[in-house]
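[1] with the input below, show me the fold.
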Amino acid sequence: MRTADVVVLGGGLIGLAVATAAAARGASVLVLGEPRLGEASPAGAGMLAPGAEGDELGDDAVRRFALAGRDMYPTYVAALEAETGLSVYLDRNGILELMPEGEPARLPPDSEWVGGRALRALEPALASVAGAVLHPDDGSVDNVMLYIAMRRRAEGRQSLALVASSIRAINVTSARPRVILDDGDVVEGSVIVVATGAWASHLEGLPRPVPVRPVRGQLLMMEGALARHVIYGGGGYLVPRLLSNAGETVGRSIIGATMEEVGFDSTTTQAGLDSLNEIGRRISPSTVSAHRLKHWAGLRPITPDRLPILGPDPDFPSLLYACGHGRNGILLAPITGEAVGALAAGERSRHDLTPFSIERFATAQ
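    Sure, this is the predicted structure:
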C-alpha cells in the first residue's frame, strides 16, 4: 500500500497544478491516472478569455476569479521556464471580439471599441465587419507546451510522484481516505482530490452525484499565423500561435470549436470539419486557402451552470473537488492549483471558492 498526504486523481493540467501547489507547501503528493483518449488538457486552443467571455462567467466573484487566473499566467510560465528550462508561448496581445452589428451599448470594464477602419488596419485579413471590442489583457497560451512543462516540473519534485494507474473507486468513509486501483492495489492519503475532468462523475464511491458530462469540441489547425490577435467571432474563434520548429519560429492558426453532446466519443467528423471551415471563413476569408495541418477533438468537462466544482465536500472535508472546468480549464489551471492546492496542504485558500461549491447543485434540486 502506498501512502501520501495528498492523493490527486487525474494527471491533466488541473491535477498537475493542484499537486505541485500542494507539494510546494510541504505535502507529500501522489498523482494517479493514465492518459485518456479525448482528454481536454492537450486538446484545447489555449484561449485566455475572461474579458471576451465575461457574460458567461456569472457574478462578480466568479469574474474576479477568472480574471485573477488569467493574470497569474506571466509569472506562472516564467516560473515554469526557470524550473524546467521549457519556454511556454504566452500571448497577451488581446482578443478582438467581432461585432457585425456595430458598437454595443455597454462595453466591459477595461475593454475598448475598435471601429471598422481601425480594425482593418490592425487585422487586414479579417472579414468585413462594423468593428470589434478589444479585450486588451486577454490572449492565449500554448496549452500543449504548458502541459509538457507542468509535467516535467512535477517529475522533478522529490515530494511528488506520478503513478500511471487506472482508478476503480474511492472510499472516504474509512478512517483514512482510500483509492482502490484497477489492479487491486490501495493508496491512502489524508486528502483526496478529484481532478479527473470529463470522467469525474464515473468515479465509484463518491458521496454524492458530481454533475460533470463530456461535450466534444472539434478543432482545426492551419498553416500560418492568419491574424495578430486572437479573434472571437463567426460562431467560434481563431487563435494564432507561434511554435518553435528545428530552431525556427513558425506560425499556426487554430480554428475552434464545436459543442457536441456525443458522450465520450472523441472522434472527428466531416460535419465538424465543415463547421470549422465555415467559422474560419466568417472570421477571415484567408482561411479558405490556408493549408490544413490537423483536425482533432477533445472532451470538455461541463457542469449544468458551466462553472467548475472546487473545494471540499460538505460532508467529507478530506475529499476535495477540482473538476468541471468546461471551456475554461486552461484559463483556470494555475489559480485552481493555488486555491485547491492550499486546501489540500491544510492551509486556507486566499481565493473565495464559495461560488464553485458542489453544494450549489443540491440547493438547485
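[2] what mean pLDDT does the lengthiest helix in the chain have?
    Ranked by residue count, the top helix of the chain under DSSP state H comes out as helix 329-344. Helix 329-344 shows a mean pLDDT of 98 in the predicted model.
[3] what does stretch 151-164 give?
    95.
[4] at which residues are the helices of this structure located?
    13-24, 60-71, 73-84, 116-122, 143-155, 270-283, 329-344, 359-364.
[5] packing partners of the longest one?
    Right, the one you point to is helix 329-344. Here helix 329-344 touches strand 2-9, helix 13-24, strand 47-48, helix 60-71, helix 143-155, strand 186-194, strand 309-312, strand 319-323, going by 3 or more C-beta pairs under 8 Å, 6 or more residues apart in numbering; DSSP states H and E. In this view, the C-beta of every residue, glycine as well, is placed from N, C-alpha and C.
[6] of all those, which one is nearest residue 362?
    Nearest to residue 362, of all the helices and strands packed on helix 329-344, is strand 309-312, at 11.8 Å by C-beta to C-beta.
[7] that closest one pairs with which strands, parallel or anti?
    strand 319-323 (antiparallel) (DSSP bridges).
[8] how far off strand 2-9 does the strand it pairs with point, in degrees?
    Relative orientation of strand 319-323 versus strand 2-9 (axes from the mean of the first three to the mean of the last three C-alpha atoms, to 10 degrees): 40 degrees.
[9] use 2 as the first number from now on
    Okay, residue one is now 2; in that scheme the one you just asked about reads as strand 320-324.
[10] residues in contact with strand 320-324?
    11, 15-16, 19, 171, 173, 178, 192-198, 201, 208, 211, 213, 302, 309-314, 337, 341, 344-345, 359 (C-beta atoms under 8 Å, 6 or more residues apart in numbering).
[11] change it to 7 Å
    The contact list for strand 320-324 (C-beta atoms under 7 Å, 6 or more residues apart in numbering) reads 15, 19, 173, 178, 192-198, 201, 211, 213, 302, 309-314, 337, 341, 344-345, 359.
[12] low-confidence ranges in the stretch 102-251 of the chain?
    Within the stretch 102-251 of the chain, the stretches with pLDDT under 70 are 246-247.
[13] for the residue lying closest to residue 149 once chain neighbours are set aside, what are its contacts?
    Nearest non-adjacent residue to residue 149, counting by C-beta to C-beta, 6 or more residues apart in numbering: residue 87, 6.5 Å away. Residue 87 makes contacts with 81, 146, 149-150, 153, as judged by C-beta under 7 Å, 6+ apart.
[14] so how far is residue 221 from the residue lying farthest from the centre of the chain?
    In the chain, the residue that sits farthest from the middle, by C-alpha atoms, centre = their mean, is residue 118; the gap is 34.2 Å. Counting by C-beta to C-beta, to the nearest Å, the gap from residue 118 to residue 221 is 30 Å.
[15] ditto for residue 140
    In this structure, residue 140 and residue 221 are 20 Å apart, going by C-beta to C-beta.
[16] quick one: which of these two has more around it?
    residue 221 (27 against 22; other C-beta atoms under 10 Å).
[17] who is that one paired with across the strands?
    On the basis of DSSP bridges, residue 221 is bridged to residue 256, residue 296.
[18] who's in contact with it?
    Here residue 221 is in contact with 256, 274, 277, 293, 296 (C-beta under 7 Å, 6+ apart).
[19] quick one: buried ones out of those?
    The neighbour count (16 or more other C-beta atoms under 10 Å) marks 256, 277, 296 as buried among the contacts of residue 221.
[20] surely the last one touches residue 269?
    Right, the one you point to is residue 296. Yes: Residue 296 lies in contact with residue 269 (C-beta atoms under 7 Å); the separation is 5.2 Å.
[21] which neighbours do those two have in common?
    With contacts defined as C-beta under 7 Å, 6+ apart, the residues shared by residue 296 and residue 269 are residue 219.
[22] would you format the contacts of residue 87 as CSV with distance to residue 282 and neighbour count included?
    CSV is the format used below for these (distance: C-beta to C-beta, whole Å; neighbours: other C-beta atoms under 10 Å):
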residue, distance to residue 282, neighbour count
81, 36, 22
146, 29, 21
149, 32, 16
150, 34, 23
153, 39, 15
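[23] quick check, nearest of those residues to residue 349?
    After measuring these against residue 349 - C-beta to C-beta - the closest member comes out as residue 81, at 25.2 Å.
[24] that closest one contacts residue 152, correct?
    No: using C-beta under 7 Å, residue 81 is not in contact with residue 152; the gap is 10.5 Å.
[25] ends of stretch 158-171, how far apart?
    End-to-end span of stretch 158-171 (C-alpha to C-alpha, to the nearest Å): 25 Å.
[26] buried set for that stretch?
    158, 160-164, 166, 168, 171.
[27] what residues does the closest residue to residue 3 other than its chain neighbours make contact with?
    With sequence-adjacent residues excluded and distances taken as C-beta to C-beta, 6+ apart, residue 3 is closest to residue 188, at 4.9 Å. Applying C-beta under 7 Å, 6+ apart to residue 188 gives the contacts 3, 8, 31, 33, 179-180, 182.
[28] in CSV, list the residues you listed along with neighbour count and distance to residue 235.
    Output for the contacts of residue 188, formatted as CSV (neighbours: other C-beta atoms under 10 Å; distance: C-beta to C-beta, whole Å):
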residue, neighbour count, distance to residue 235
3, 16, 50
8, 27, 43
31, 22, 44
33, 26, 40
179, 20, 49
180, 25, 44
182, 16, 45
